[in-house]
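Colleague: Everything below, folded, please.
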Amino acid sequence: MSAQKAPLSHKTSDSNRVRSAELPIAWIMMLGLIVAVGPLSIDMYLPALPSMAKDFGVPTSFIANSVPAYFMGLVFGQLIYGPLSDRIGRVKPLYFGMILYVIASVICATTDNEYVLFAGRTLQALGACVGAVVTRAAIRDRLTARQTAKAFSIMILVMGLAPILAPSLGALFLQFFSWHSIFWFLAAFGLLNLLLTKFFFFETLSEENRNTRPATEVLSQYWELLKDPTFNYPAIGGGLLMGAMFVYISAASELIMDTYGISSTHFGWIFGLNAAGFVGLTQLNQWLTNRYRILSILRFGAMMQVIASAGLFILGIGYGTDAWLPLVLACIFFCISGLGLTQPNSSAIALAFQKHRAGMASALQGSLMFSVGIFGGLLLNLFPVNPVLKLGITMFLLMSLGCLLIWRIDRNLNLDNAE
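Modeller: Numbering: from 1, shown residues only. Sure, this is the predicted structure:
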C-alpha cells in the first residue's frame, strides 16, 4: 500500500478529486489533525477540573457538567453541518466552524463565571464538530468502503495522539500556569486548523453529487437515514459503543482522582494509556481489513467491549471502591481499546451506501455517539451506588445494546456494491 504522491494543495486537479486506487496517506493524516481539535478540547482540560471547581467555588462533579455541555454542542452542531456540507460543499462549513471554535475558546479562557464557561464550552463544540463531519464525508467522497475503513484507521493514528497527550499536556500547563492557559492553547490550535483548511483542504464534493433537495426536507431525510438498515444498525450500534467512552470521560476525573486519590499527572498517564490502546487497535485494523470481512472484525471488537464492561460491572458489585485499581483500569482499557476495531468499521459500513447524503450520514452518526454520551452521563447521576459500579452499569448497558445492533447487520451485506 503506497502513498499517493499528489500534493496536498487545494489546487489539486479535478481528476484527483475522485475515488483513488491508492490511499492518499498525507491527505488523510492532515484530516486527522483537523479532527484532533475535538478530542483535544475534551481531554486536555480534564486534569484541571478540580482546580477549576476550586476557583469557581463549586464541587468537581458540578464543574464536570461542562463535559456534557460540550457534548450538547457536538450533537446539534453536527446535525446542522451535515446537510449544509452536502448542499454547499465541504470547505465553507469548515471555515465557519473553526472561526467559531477560536472565538469560543477565548470566551472560556477569559471567563470567571461557571455558567459562561458552560455556554462557552457549548459554542466551542459547535465549532469543533465541523471537523469530524466534513472529514468523514470527504473520505467517503473520495474512497471506496474498504479504503474508508483503512483511512479512518490512519486518521485515528494522527488524531489519537490528542487523547494520549492531552491530559498530560493539560497537567503540564497546570504546573506552570492557571487552567485558563489550556483554553488559550486550544484557541491557537483552532487557528492552526484554519491554516490547514486554507492551504491543504480541497473540495471533494463535486457539483453533480450535491444534495439539491429543498432545505425544508432535512428532517425527512434524516428520518429516511434512520430507517435505512444499511445505515441504522452500524451507526446506532457504533454510536452506543463509542458513546460509552464519553461516559467514561465524564466520570474519569471523579473516579480516578477523587475516589482513588490519583494525582493529575498520573491521571494523564492512565488516560493516555487507554487512548494508546485505542490507537494501537485501529492500526491492527488496517492489517485485519486486508484479510477478513469488515463486519467480522466489527463483531469481534463489539464482543471484546461487552466482556470488558461486564468485568467492570462485576467488580463494582463485588468490591465497589475497594476493587483493586489495576483491575478496574484493565477493564476500562479493554472497553476503550476495543473501539479501535469497532469505530473505523462501523463508520465505513454506515457511510458506504450514502453517496448523495454522506455529510448527513456522517453528522447523524456523530450526533448519535454524543447523544449516547449525554444520556449515559445522566444515567451515571441516577444510580445511587459507588463510582465503580455506576460506571460499570452504564458502560455494560450501552455496550450490550450496541453489540446487539451490530449483530443485526445483514451478514451478507456486500460493501463492494457501494457506489
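Colleague: so Ala215 sits right up against Asp86, yeah?
Modeller: No - with contacts defined as Cβ atoms under 8 Å, Ala215 does not count as touching Asp86, sitting 10.6 Å away. To be clear about C-beta, it is placed using only N, CA and C from the backbone, and glycine gets the same treatment.
Colleague: So for the two, which residue has more residues nearby?
Modeller: A direct count of neighbours by other Cβ atoms under 10 Å for Ala215 and Asp86 places Asp86 higher, at 28 against 9.
Colleague: burial of Thr111, as a residue count?
Modeller: 17.
Colleague: ok, the closest residue to it other than its chain neighbours to Ala64 distance?
Modeller: Take Thr111 and drop its neighbours on the chain: the residue closest to it by Cβ to Cβ, 6 or more residues apart in numbering is Leu117, 5.3 Å away. In this view, Leu117 and Ala64 are 12 Å apart by Cβ to Cβ, to the nearest Å.
Colleague: The residue nearest to Thr111 sits in which helix or strand?
Modeller: Leu117 belongs to helix 114-142 when assigned by DSSP states H and E.
Colleague: Show me which residues of that helix are buried.
Modeller: Buried residues in helix 114-142, defined by neighbour count with 16 or more other Cβ atoms under 10 Å: 114, 117-142.
Colleague: ok, now stretch 74-94?
Modeller: Under the neighbour-count criterion of 16+ other Cβ under 10 Å, stretch 74-94 has 74-87, 89-91, 93-94 buried.
Colleague: what's the distance between that stretch and the middle of its chain?
Modeller: How far stretch 74-94 lies from its chain's middle: 16 Å, per Cα atoms, centre = their mean, to the nearest Å.
Colleague: And stretch 99-111, by the same measure?
Modeller: For stretch 99-111, the distance to the chain centre is 21 Å (Cα atoms, centre = their mean).
Colleague: Tell me the buried residues in that stretch?
Modeller: Those would be 100-102, 104-109, 111, for stretch 99-111 by 16+ other Cβ under 10 Å.
Colleague: Now, these that are in helices?
Modeller: When DSSP state H defines the helices, the subset of the buried residues of stretch 99-111 inside them is 100-102, 104-109.
Colleague: My guess is Thr342 contacts Ile406. True?
Modeller: Yes - contact between Thr342 and Ile406 holds when scored by Cβ under 8 Å: they sit 7.5 Å apart.
Colleague: more crowded one of the two?
Modeller: Comparing Thr342 with Ile406 by other Cβ under 10 Å, the one with more neighbours is Thr342, at 30 against 27.
Colleague: Quick check: closest non-adjacent residue to Ile272.
Modeller: You called it Ile, but residue 272 is Gly. With Cβ to Cβ, 6+ apart as the criterion, Gly272 has its nearest non-adjacent residue at 4.4 Å, and that residue is Ile164.
Colleague: all helices in the stretch 251-400 of the chain, in order from the N-terminus.
Modeller: Taking DSSP state H, counting those that start in this stretch as the test, the helices found in the stretch 251-400 of the chain are 264-289, 294-318, 325-337, 339-352, 358-382, 387-406.
Colleague: In TSV, list these along with mean pLDDT and distance to Met242.
Modeller: Output for the helices of the stretch 251-400 of the chain, formatted as TSV (pLDDT from 0 to 100; distance: least, Cβ to Cβ, whole Å):
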stretch	mean pLDDT	distance to Met242
helix 264-289	83	10
helix 294-318	94	10
helix 325-337	93	10
helix 339-352	89	6
helix 358-382	80	4
helix 387-406	92	8
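Colleague: Deepest-packed of those helices, please.
Modeller: Greatest average neighbour count among the helices of the stretch 251-400 of the chain goes to helix 339-352 (a mean of 28), per mean count of other Cβ atoms under 10 Å.
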